[in-house]
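> Sequence plus the predicted model coming up.
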Amino acid sequence: MSIIETFCHVIGERDRYTVEHSKNVACLMAGFAEYAELPVEDVTLAYVVGIVHDVGKVSVPDHILNKPGRLTDEEFAVIRQHPDVGADLLGEVDGLNKVATIVRHHHERYDGQGYGTGLAGDSIPFFSRMLAVCDSFDAMTTVRCYRREPFSIPKALEEIGRCAGSQFDPAISRCFIEFISRRQSYGNLSAAHA
């Protein structure tokens with residue numbers, strides 16, 4: 001955990017948004033894992049993966065990371081490297097090989113059109129497919145440098161439903177929509193998602 005905290009500190013020195021986003025995603029991942037009744041060790045893994053999933057952004061220059069407008073093709077090519085950079089960093093730490101693999105594939109798409117290695121469907125690690133949904137949900141429902149007005153929770157869930165089977169695993173998407181809908185009805189969403 002101290003190594004993971006160090007990674008988080010390094011990210012925080014570069015980009016405050018990424019730290020808050022990572023915390024939000026970690027909480028979403030752990031809550032979603034609990035909702036899906038995964039074993040305790042998998043809930044812990046889900047949390048850890050959420051915290052470190054964007055560690056590779058330490059390699060992205062500030063002018064790209066915090067650009068308020070649309071990225072050029074060249075800038076997007078730099079951003080696309082962050083899952084591999086993060087996985088390579090995490091893979092250097094004993095005991096984090098599984099975490100590194102999950103991070104490497106968190107921008108794959110269910111239809112094979114994502115980035116990483118072009119995996120598709122169930123060949124994408126399960127936690128990477130989970131992470132793709134949680135990561136996207138938080139990105140949609142919080143203020144970003146390129147979009148000041150976040151999506152409402154219903155609109156974000158609608159988008160996840162619309163992209164089920166193309167961007168996202170359809171079964172995970174359905175379960176996530178149920179999870180967030182239930183949390184929202186009980187008033188249990190974090191301040192970032194209220």
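Arrived safely. Just so it is clear, the structure is predicted and the values come from calculations on it, not from any experiment.
> Mean pLDDT per helix and strand in this protein: which one sits at the bottom?
When each helix and strand of the chain is scored by mean pLDDT, DSSP states H and E, helix 2-14 comes last, with a mean of 70.
> after it, next one along is what?
helix 16-35 (DSSP states H and E).
> Check which residues of that following helix are buried.
By 16 or more other CB atoms under 10 Å, the buried positions in helix 16-35 come out as 17-19, 21-33, 35. No exception for glycine: its C-beta is placed from N, CA and C like everyone else's.
> other SSEs contacting that helix?
Applying 3 or more CB pairs under 8 Å, 6 or more residues apart in numbering; DSSP states H and E, one finds that helix 16-35 contacts helix 2-14, helix 40-52, helix 126-141, helix 170-185.
> Name the helix or strand for D111, please.
D111 belongs to no helix or strand when assigned by DSSP H and E.
> Let me know the pLDDT of the residue lying closest to it once chain neighbours are set aside.
Leaving aside its chain neighbours, D111 sits nearest to S166 (4.8 Å; criterion: CB to CB, 6 or more residues apart in numbering). S166 is assigned 98 on the pLDDT scale.
> just L131 next, same as before
At L131, the model reports a pLDDT of 98.
> Also Y146?
Looking at Y146, its pLDDT reads 65.
> Point to the residue nearest the middle of this structure.
Centrality entry for the chain: nearest residue to the mean C-alpha point is D135, 2.8 Å, by CA atoms, centre = their mean.
> So which of the helices and strands packed on helix 16-35 is the most surrounded?
Highest mean neighbour count of the helices and strands packed on helix 16-35: helix 126-141, a mean of 23 (counted as mean count of other CB atoms under 10 Å).
> next one: that one to chain centre, how far?
4 Å (CA atoms, centre = their mean, to the nearest Å).
> residue contacts, the closest residue to H105 other than its chain neighbours?
Nearest non-adjacent residue to H105, counting by CB to CB, 6+ apart: S128, 3.9 Å away. By CB atoms under 8 Å, 6 or more residues apart in numbering, the contact set of S128 is 101-106, 108.
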